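Asks: pasted the sequence and its predicted model underneath.
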Amino acid sequence: ILIFAFSHTTCTSQKAASGNCFKGRLEVKGICSNYTIKLLEGNPGADKIVADWKDETTGKTYTNVFALGSPCSFPANLNVGDEFYFVLDDSKQQCAVCMAYYPKPEKALSIKVLDKPCN
(Lines give C-alpha, C1' and ligand atoms only; values in the text may rest on other atoms or scores of the structure.)
Protein backbone atom coordinates (compact mmCIF):
# COMPACT_ATOMS: atom_id res chain seq x y z
CA ILE A 1 0.00 0.00 0.00
CA LEU A 2 2.85 2.39 0.82
CA ILE A 3 4.43 1.82 -2.58
CA PHE A 4 1.14 2.56 -4.33
CA ALA A 5 0.57 5.71 -2.28
CA PHE A 6 4.09 6.98 -2.99
CA SER A 7 3.85 6.15 -6.71
CA HIS A 8 0.50 7.91 -7.02
CA THR A 9 1.82 11.04 -5.27
CA THR A 10 4.94 11.11 -7.44
CA CYS A 11 3.00 10.70 -10.69
CA THR A 12 0.47 13.32 -9.68
CA SER A 13 3.24 15.79 -8.80
CA GLN A 14 5.05 15.21 -12.09
CA LYS A 15 1.81 15.59 -14.05
CA ALA A 16 1.00 18.86 -12.29
CA ALA A 17 4.52 20.15 -12.88
CA SER A 18 4.58 19.33 -16.59
CA GLY A 19 1.11 20.81 -17.24
CA ASN A 20 1.76 24.05 -15.41
CA CYS A 21 5.50 24.38 -15.73
CA PHE A 22 7.15 27.62 -16.77
CA LYS A 23 10.65 28.89 -17.54
CA GLY A 24 11.88 32.16 -16.13
CA ARG A 25 14.97 34.28 -15.67
CA LEU A 26 15.90 36.38 -12.67
CA GLU A 27 16.13 39.95 -14.00
CA VAL A 28 16.44 42.05 -10.83
CA LYS A 29 17.67 40.83 -7.44
CA GLY A 30 16.70 43.82 -5.32
CA ILE A 31 17.22 44.22 -1.60
CA CYS A 32 14.91 42.29 0.76
CA SER A 33 13.75 39.77 -1.84
CA ASN A 34 12.30 42.44 -4.12
CA TYR A 35 12.99 40.24 -7.13
CA THR A 36 11.75 40.64 -10.69
CA ILE A 37 11.41 37.56 -12.89
CA LYS A 38 10.93 37.46 -16.67
CA LEU A 39 8.65 34.79 -18.08
CA LEU A 40 10.52 32.99 -20.87
CA GLU A 41 8.25 30.00 -21.57
CA GLY A 42 4.66 29.18 -20.70
CA ASN A 43 1.53 31.23 -20.21
CA PRO A 44 0.11 31.71 -16.72
CA GLY A 45 -2.34 34.26 -18.16
CA ALA A 46 -1.72 37.77 -19.42
CA ASP A 47 -3.47 39.21 -16.35
CA LYS A 48 -0.82 37.68 -14.07
CA ILE A 49 2.27 39.33 -15.56
CA VAL A 50 3.27 42.86 -16.52
CA ALA A 51 3.83 43.35 -20.26
CA ASP A 52 6.19 46.34 -19.83
CA TRP A 53 7.77 47.51 -16.58
CA LYS A 54 10.44 50.14 -15.96
CA ASP A 55 12.79 49.86 -12.99
CA GLU A 56 12.75 53.42 -11.65
CA THR A 57 16.16 52.92 -10.02
CA THR A 58 18.06 51.92 -13.15
CA GLY A 59 15.75 53.24 -15.87
CA LYS A 60 15.85 49.84 -17.59
CA THR A 61 12.62 48.48 -19.11
CA TYR A 62 11.64 44.82 -18.88
CA THR A 63 8.94 42.86 -20.71
CA ASN A 64 6.72 39.99 -19.51
CA VAL A 65 7.77 40.19 -15.86
CA PHE A 66 6.36 39.66 -12.40
CA ALA A 67 7.47 40.22 -8.84
CA LEU A 68 8.43 37.26 -6.69
CA GLY A 69 5.53 36.54 -4.38
CA SER A 70 7.20 33.67 -2.50
CA PRO A 71 10.48 34.90 -1.04
CA CYS A 72 10.60 32.19 1.66
CA SER A 73 11.30 29.34 -0.75
CA PHE A 74 13.25 31.09 -3.53
CA PRO A 75 16.78 29.63 -3.80
CA ALA A 76 19.43 32.06 -2.56
CA ASN A 77 21.97 30.73 -5.07
CA LEU A 78 20.07 32.07 -8.11
CA ASN A 79 21.55 35.27 -9.49
CA VAL A 80 20.60 37.86 -12.10
CA GLY A 81 20.61 36.23 -15.52
CA ASP A 82 20.04 32.70 -14.20
CA GLU A 83 17.28 30.76 -15.96
CA PHE A 84 15.14 28.23 -14.12
CA TYR A 85 11.93 26.24 -14.31
CA PHE A 86 9.07 26.74 -11.89
CA VAL A 87 5.47 25.97 -11.06
CA LEU A 88 2.90 28.27 -9.51
CA ASP A 89 2.60 27.67 -5.77
CA ASP A 90 -0.16 29.36 -3.80
CA SER A 91 0.68 27.67 -0.49
CA LYS A 92 1.07 30.23 2.28
CA GLN A 93 4.59 30.47 3.65
CA GLN A 94 5.71 32.32 6.74
CA CYS A 95 9.20 33.75 6.99
CA ALA A 96 10.88 36.95 8.05
CA VAL A 97 11.55 39.35 5.17
CA CYS A 98 12.97 42.81 5.67
CA MET A 99 10.85 45.75 4.57
CA ALA A 100 13.38 47.85 2.63
CA TYR A 101 12.00 49.20 -0.62
CA TYR A 102 13.21 48.37 -4.09
CA PRO A 103 10.92 48.84 -7.11
CA LYS A 104 9.21 45.75 -8.51
CA PRO A 105 6.34 45.04 -10.89
CA GLU A 106 2.84 45.55 -9.48
CA LYS A 107 1.86 41.92 -10.22
CA ALA A 108 3.40 39.10 -8.21
CA LEU A 109 3.35 35.32 -8.51
CA SER A 110 4.14 32.78 -5.81
CA ILE A 111 6.32 30.13 -7.38
CA LYS A 112 8.26 27.00 -6.54
CA VAL A 113 11.59 26.64 -8.37
CA LEU A 114 12.22 23.16 -9.77
CA ASP A 115 15.57 21.43 -9.62
CA LYS A 116 15.32 20.18 -13.22
CA PRO A 117 13.60 21.10 -16.50
CA CYS A 118 9.91 20.34 -16.98
CA ASN A 119 8.95 16.91 -18.28
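Replies: Perfect, thanks for sending it.
Asks: backbone phi and psi for residue 46, please?
Replies: Here is the backbone geometry of residue 46 (degrees, to the nearest 10): phi -60, psi -30.
Asks: please read the previous query as pertaining to residue 47.
Replies: Main-chain dihedrals, residue 47, degrees, to the nearest 10: phi -80, psi -10.
Asks: and the gap between it and residue 85?
Replies: To residue 85, residue 47 is 22 Å away according to Cβ to Cβ, to the nearest Å. Heads up, the C-betas are built off the backbone N, CA and C, glycines and all.
Asks: then residue 108?
Replies: Residue 108 sits 19 Å away from residue 85, going by Cβ to Cβ.
Asks: also residue 57?
Replies: 28 Å.
Asks: just want to know which of those two has more residues nearby.
Replies: Neighbours were counted for residue 57 and for residue 85 using other Cβ atoms under 10 Å; residue 85 has more, 20 against 11.
Asks: quick one: strands adjacent to the strand or helix carrying the more buried one?
Replies: Residue 85 belongs to strand 83-88 when assigned by DSSP states H and E. According to DSSP bridges, strand 83-88 has the following sheet partners: strand 21-30 (antiparallel), strand 111-113 (antiparallel).
Asks: how many neighbours does the spatially closest residue to residue 33 that is not a sequence neighbour have?
Replies: Nearest in space to residue 33, with sequence neighbours left out and distances taken as Cβ to Cβ, 6 or more residues apart in numbering, is residue 71 at 3.5 Å. By the criterion of other Cβ under 10 Å, residue 71 has 18 neighbours.
Asks: cool, and residue 66?
Replies: For residue 66, using other Cβ under 10 Å, the count is 23.
Asks: okay then, goodbye and thanks.
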